[in-house]
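> fold the following and give me the result.
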Amino acid sequence: MFIVILFLISSVLPSSAQPIDSLMKKGNDAMKIKDWQTALSYYSIVLKKNPAETRALNAVGVIYIEYKDWEKALNNLNEAIKYDTLYAKAYANRCVVWLMMKDIEKAYSDIDKSLKLDSTDVVAIISLATIYAYVNKFPEAFEVFRKAVSVDPEYIDIYWNRGALYLHLEKYEEALADVNRAIDINAGLAKNFYFRGTVYKYLREYDKAMADYETALKLDPNEGEIYVRRGILYLTMDNYAKAVEDIEYGLKLSPSLKASVESYLTEAKDKLNKSK
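As a prediction, the model looks like this:
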C-alpha cells in the first residue's frame, strides 16, 4: 500500500457551553498537531450538541483511521454521508477505509463520487492514484500523480505517496527525488527524513540512512516507526543487538506496527542468539 493516507493540547478543558464553530476550530487545531484525543474530546461535545454535524462526523472518522479502527471510522463517515450526500471529503475519507479493508470496488466507487463532486481535491486525487497502484495499474497511477502535482505542487503527500510507489517498484533514484522535494517543501517533518533514510537504505548508503534517522528522531523522538526503521537498518548492517533494541522500543511506542515488523524482530533475535 502507498498510502500515505489519506495538534496543541488545549490548556482549557472542552466546555459544552462553547459554540459549535469554536469547538470545531479547537478540534481542528488539535488535529493539526496529531493530538487525536484532544481533538476527539472537542468533536464529541459537538456531536452531543448536534448529532448531525457532518464536519465533526467526518473528522472523527479521520481520527479513527489514524487509530486503524476501521469499523468506527466507517460508522462515522457513513453518518456524515447520510446527513450530507454531497460531502466530497467524507467519500474520499471513506475510500481510505475501504482501501485498508481491501475492498477495492467500494473504494473506487467512493473516490469516483468524491471527484465528481470536487475534481480539484488533491487528497481524493492521491487516493485514486493509490487505487491504481494497488491493482498494479502503475502508468495510470503515475498519470494521476502528475495531475495532483498540477493541482497543488506544494502538497507534500503527493511526493510521499508517489515516492512510496517508486520505492515499491525499486526505482530508488526517483523515490529519492520525490522525498527530496518533500524536504524542500517542509524540512521540519520527521517523516520526510525517515522516509529518505529508508530510500538510502535500499541504495546501500547506510551512513546517510543513519544520519536521516537521527534527524528524524530529533524532530519527533516519540515516533515508534523511526526506531523500527532504524532497527531494520541495524539488522541489515549485522548489528543485531541494536536491531532488537530499536525494534522493541519502536513497538512499545507504536504497537500497531507489530504485524508488519515481527519477522524482522524474530530474525534479529535469532541472529543475535547465534552470534553469542
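> any residues touching stretch 141-153, and which ones?
Here stretch 141-153 makes contact (CB atoms under 8 Å, 6 or more residues apart in numbering) with 120, 122, 125-126, 128-130, 132-133, 155, 158, 161-162, 165. Any C-beta I mention is one placed from the backbone N, CA and C, and that applies to glycine too.
> which parts of that stretch are buried?
Within stretch 141-153, the residues scored as buried using 16 or more other CB atoms under 10 Å are 141-142, 144-145, 147-149.
> and Val199, how far is that from Tyr172?
For Val199, the distance to Tyr172 (CB to CB, to the nearest Å) stands at 6 Å.
> hey, where'd the helices end up in the stretch 1-150 of the chain?
For the stretch 1-150 of the chain, the helices defined by DSSP state H, counting those that start in this stretch occupy 20-32, 36-49, 54-66, 70-83, 88-100, 104-117, 122-134, 138-151.
> helices and strands around the fifth one, which ones?
Put plainly, it is helix 88-100. Other helices and strands packing on helix 88-100, by 3 or more CB pairs under 8 Å, 6 or more residues apart in numbering; DSSP states H and E, are helix 54-66, helix 70-83, helix 104-117, helix 122-134.
> what angle separates the first one from helix 88-100?
For helix 54-66 and helix 88-100, the angle between their directions (axes from the mean of the first three to the mean of the last three CA atoms, to 10 degrees) works out to 20 degrees.
> helices or strands up against helix 54-66?
The contact analysis (3+ CB pairs under 8 Å, 6+ apart) places helix 54-66 against helix 20-32, helix 36-49, helix 70-83, helix 88-100.
> that older thread, neighbour count: Val199 and Tyr172, which is higher?
Comparing Val199 with Tyr172 by other CB atoms under 10 Å, the one with more neighbours is Val199, at 25 against 18.
> that one and Leu176 touch, don't they?
Yes: contact criterion CB atoms under 8 Å: Val199 and Leu176 qualify, at 5.0 Å.
> between these two, which contacts overlap?
Gly163.
> returning to what we had before: with mean pLDDT and mean neighbour count added, can I get the helices and strands packed on helix 88-100 in CSV?
Below are the helices and strands packed on helix 88-100 laid out as CSV (pLDDT from 0 to 100; neighbours: other CB atoms under 10 Å):
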stretch, mean pLDDT, mean neighbour count
helix 54-66, 96, 23
helix 70-83, 97, 19
helix 104-117, 96, 18
helix 122-134, 94, 24
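> dump those helices into CSV; add distance to Glu223 as well.
Shown next, in CSV, are those (distance: least, CB to CB, whole Å):
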stretch, distance to Glu223
helix 54-66, 13
helix 70-83, 22
helix 104-117, 27
helix 122-134, 22
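> which one, of these, ends up nearest to Leu253?
Among the helices and strands packed on helix 88-100, helix 54-66 comes nearest to Leu253, with 14.7 Å by CB to CB.
> what residues does that closest one touch?
5, 24, 27-28, 31, 34, 36, 39-40, 43-44, 46-47, 50, 70, 72-74, 76-77, 79-80, 83-84, 87, 89-90, 93-94, 96-97, 100.
> now do that helix against helix 20-32, angle only.
Angle, helix 54-66 to helix 20-32, by the same axes, to 10 degrees: 20 degrees.
> how far away is the nearest residue to Lys49 once chain neighbours are set aside from Tyr166?
Nearest residue to Lys49, sequence neighbours excluded (CB to CB, 6 or more residues apart in numbering): Ile20, at 5.9 Å. Distance of Ile20 to Tyr166, computed by CB to CB: 43 Å.
> these two: who's more crowded?
Neighbours per residue, other CB under 10 Å: of Ile20 and Tyr166, the larger number sits with Tyr166, 24 against 15.
> mind listing what the more buried one touches?
Contact analysis of Tyr166 by CB under 8 Å, 6+ apart lists 172, 174-175, 178.
> ok, 6 Å please
174-175 (CB atoms under 6 Å, 6 or more residues apart in numbering).
> so how far is whichever helix or strand it is part of off the chain centroid?
Under the criterion of DSSP states H and E, Tyr166 resides in helix 156-168. Remark: helix 156-168 is offset 12 Å from the chain centroid, using CA atoms, centre = their mean, to the nearest Å.
> fine by me, we can end here.
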